[in-house]
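**Q** let me see the structure of the following:
(one chain, ligands or ions: 1)
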Amino acid sequence: MKVKKKQDNTTLYIVIIILLACIITYLTIITIHEDKQVGVDNETPITVIEGKDTTKEEYIYKEDLLTLGYTNNDVMEIEKTFTKDEVKNNLLDKKYNNLLKFKESKYFNINNLNRYQNYFDKNKYTEEQAVMYVEIGLDVPFYTNIKSADTSKGSLILVNKYYSINESYDANLETLGDGYGKGKLNKEAAKHFREMVDAAKKDGIKLRSISAYRSYSSQKSIYNNYVSKDGRTKADTYSARPGHSEHNTGLAVDINTASSSAHFEKTKEYEWLINNSYKYGFILRYPEDKMFITGYKYEPWHYRYLNVEVATEIHELNVTYEEYLVMAREKEV
Ligand SMILES: [Zn+2]
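**A** Predicted coordinates:
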């Protein structure tokens, strides 16, 4: 009797063990399954949006985009390229014919989309150029939307027809001194200018400043003189309004001449500057055919001090300072 009871107990234990094993196996499977689900969701959220889980809100955007005139293909691309919020906040007011091409630019900013399209429609530029030029701010005429130049940038300050400095700007000046030509420059710029002139001299090239720093008030009288002679529109192509001249910053210098008729661009001095000025932190600031960006006709004599590093990058990229600043913005991100 006793033995039989023992046998019954053994059977019961075996049944309990099997049951427990089943429960543990079941729980393990469930846990692994849930983990996998979470993994999939985290890694590829787009799959969820495009899959069976399409919400009513997304469906509405799709219909809206089609109604605006986008093709099915466009809508698929838009869904792949833009977030739901971007579509909701920026793409439902009108159709942007060049939307996907604009988006290819590294400098694309969705908040400026309307400006890109307007600028593109009015000009004969590529989408990539339109984005760059709008980012520079060229879609409004020169001397409109004028802002204060960022003086915290030091020698990298941008002064042009959209950014100005006021009369109290401290240029931190130093006289260039004998053998270097006329005037004063910002201390750091002056040091580099002298180094450049000395280096050129060793190569048999004579460089000298014929105009360096100009005060706000002297720029004012120069500009007003030109306006009375040639009228404001013409004067604006070659002379800066007070506060808008790089000469007001003490960072710009006219070398050897300041006259187009001198054809400085055909001299060996010019050639030397093109090949070497960046090594001393200077760039040719108003290159040929870049008037629509810089606002100034070709000035082969006007050099701007930035610093060696930035001037070298600009030399290698072969771009204007305005373009460089948009490119650098992207790099900082
Ligand atoms: Zn100049």
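
**Q** hey, let's count contacts and neighbours off CA atoms from now on
**A** Fine.

**Q** only alpha carbons, please: show stretch 264-273 as PDB.
**A** This file holds the C-alpha atoms of stretch 264-273, laid out as PDB (Å, rounded to 0.1, in the frame of the first residue of the first chain):
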ATOM      1  CA  PHE A 264      45.200  95.300 -63.000                       C
ATOM      2  CA  GLU A 265      43.900  91.800 -63.900                       C
ATOM      3  CA  LYS A 266      46.400  91.600 -66.700                       C
ATOM      4  CA  THR A 267      49.500  92.300 -64.500                       C
ATOM      5  CA  LYS A 268      51.900  89.900 -62.900                       C
ATOM      6  CA  GLU A 269      51.100  91.500 -59.600                       C
ATOM      7  CA  TYR A 270      47.500  90.400 -60.000                       C
ATOM      8  CA  GLU A 271      48.600  86.900 -61.000                       C
ATOM      9  CA  TRP A 272      50.800  86.700 -57.900                       C
ATOM     10  CA  LEU A 273      47.900  87.800 -55.600                       C
END
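
**Q** how much space between the residue nearest to Gly179 when sequence neighbours are not counted and the ion?
**A** Nearest residue to Gly179, sequence neighbours excluded (C-alpha to C-alpha, 6 or more residues apart in numbering): Arg208, at 7.4 Å. Applying C-alpha to the ion, to the nearest Å, the value for Arg208 to the ion is 13 Å.

**Q** what is the burial count for Arg208?
**A** Neighbour count of Arg208, defined by other C-alpha atoms under 10 Å: 19.

**Q** residue numbering should commence at 59 henceforth.
**A** Shifting the count to begin at 59 puts that one at Arg266.

**Q** these two touch, right, it and Tyr238?
**A** Yes: contact status for Arg266 versus Tyr238: in contact at 5.0 Å, counting by C-alpha atoms under 8 Å.

**Q** overlap of the contact sets of those two?
**A** Val255 (C-alpha atoms under 8 Å, 6 or more residues apart in numbering).

**Q** mean pLDDT per helix and strand in this protein: which one sits at the bottom?
**A** None of the helices or strands of the chain scores lower by mean pLDDT, DSSP states H and E than helix 103-108, at a mean of 45.

**Q** what residues sit buried inside the next helix or strand after that helix?
**A** The C-terminal neighbour of helix 103-108 among helices and strands, as given by DSSP states H and E, is helix 114-126. Neighbour counts over helix 114-126 (16 or more other C-alpha atoms under 10 Å) mark Glu116, Tyr119, Lys120, Asp122, Leu123, Leu124 as buried.

**Q** grab the nearest non-local neighbour of the fourth one.
**A** Here the nearest residue to Asp122 in space, its sequence neighbours aside, is Leu150; by C-alpha to C-alpha, 6+ apart that works out to 6.8 Å.

**Q** can you tell me the SS state at that neighbour?
**A** coil (DSSP: H, G, I helix; E, B strand; the rest coil).

**Q** so it makes contact with Leu123?
**A** Yes: if you go by C-alpha under 8 Å, Leu150 and Leu123 touch, sitting 6.8 Å apart.

**Q** related to what we said a few turns ago, now render the buried residues of helix 114-126 as JSON lines, adding pLDDT and distance to the ion.
**A** Listed next are the buried residues of helix 114-126 as JSON lines, based on pLDDT from 0 to 100; distance: C-alpha to the ion, whole Å:
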{"residue": "Glu116", "pLDDT": "72", "distance to the ion": "56"}
{"residue": "Tyr119", "pLDDT": "90", "distance to the ion": "53"}
{"residue": "Lys120", "pLDDT": "92", "distance to the ion": "54"}
{"residue": "Asp122", "pLDDT": "94", "distance to the ion": "53"}
{"residue": "Leu123", "pLDDT": "95", "distance to the ion": "51"}
{"residue": "Leu124", "pLDDT": "95", "distance to the ion": "53"}
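
**Q** format the residues you listed as TSV; extra columns: distance to Gln175.
**A** Formatted as TSV, the buried residues of helix 114-126 follow (distance: C-alpha to C-alpha, whole Å):
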residue	distance to Gln175
Glu116	25
Tyr119	21
Lys120	22
Asp122	20
Leu123	17
Leu124	19
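
**Q** whichever strand or helix holds Tyr174 packs against which elements?
**A** Secondary structure from DSSP H and E places Tyr174 in helix 171-180. Contacts defined by 3 or more C-alpha pairs under 8 Å, 6 or more residues apart in numbering; DSSP states H and E place helix 171-180 against helix 157-161, helix 185-194.

**Q** determine how far the first one lies from the middle of the whole chain.
**A** Averaged C-alpha coordinates place helix 157-161 at 17 Å from its chain's average position (C-alpha atoms, centre = their mean, to the nearest Å).

**Q** likewise stretch 133-151?
**A** For stretch 133-151, the distance to the chain centre is 23 Å (C-alpha atoms, centre = their mean).
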